[in-house]
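1. Take this sequence and fold it.
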Amino acid sequence: MGPETIDIAIVGAHLSGMPLNHELTALRARFLRAELTAPAYRLFELPDTTPSKPGLLRVSSGGGSISLELWTLEPAAFGRFVARVPSPLSIGTVLLAGGGQPKGFLVEAAAVERARDITAFGGWRQFREGLQSATQFS
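-> So this is what the prediction gives:
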């Protein structure tokens, strides 16, 4: 992270090649690298979201490492991006496996009560690819 940018951890529909990635690129966000969270998170498929979105929840036990992409934005662009984040998603601090702590997408705990736990897939992209593979072979 440079002095004129803010790094953001992306775990879902804003990932490269996903339906909302254009919202990042329209703000001239730059992809930095792929990362993993610290093993302190659960990932959920949120119901009733269009396009389909995950929710990342920090837990005190039973968590796993979740794959993500690290992007960087200028502060004004970061503010515009964050202002559009819909509930039950929010922006908070995400703990990375390597020790970094960028801002990133998190979910309100109440939102996961009806959600499917997809932590075992290791990330949103892996979950979506698993769904596509299952559909092709059924």
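
2. Sort out which residues of stretch 7-17 are buried, please.
-> Asp7, Ile8, Ala9, Ile10, Val11, Gly12, Ala13, His14, Leu15 (16 or more other Cβ atoms under 10 Å). Just so you know, the C-beta spots here come from the backbone N, C-alpha and C atoms, and that holds for glycine as well.

3. Quick check: end-to-end length of it?
-> 19 Å (Cα to Cα, to the nearest Å).

4. helices and strands of this protein: which one bottoms out on pLDDT?
-> helix 124-136 (a mean of 79; mean pLDDT, DSSP states H and E).

5. returning to that earlier point: biggest separation within the buried residues of stretch 7-17, which pair?
-> Spatial extent of the buried residues of stretch 7-17 (Cβ to Cβ) is set by the pair Asp7 and Ala13 at 18.7 Å.

6. Mind jotting down where the strands sit in this structure?
-> 6-10, 30-36, 41-45, 54-58, 67-73, 89-93, 103-107, 116-117 (DSSP state E).
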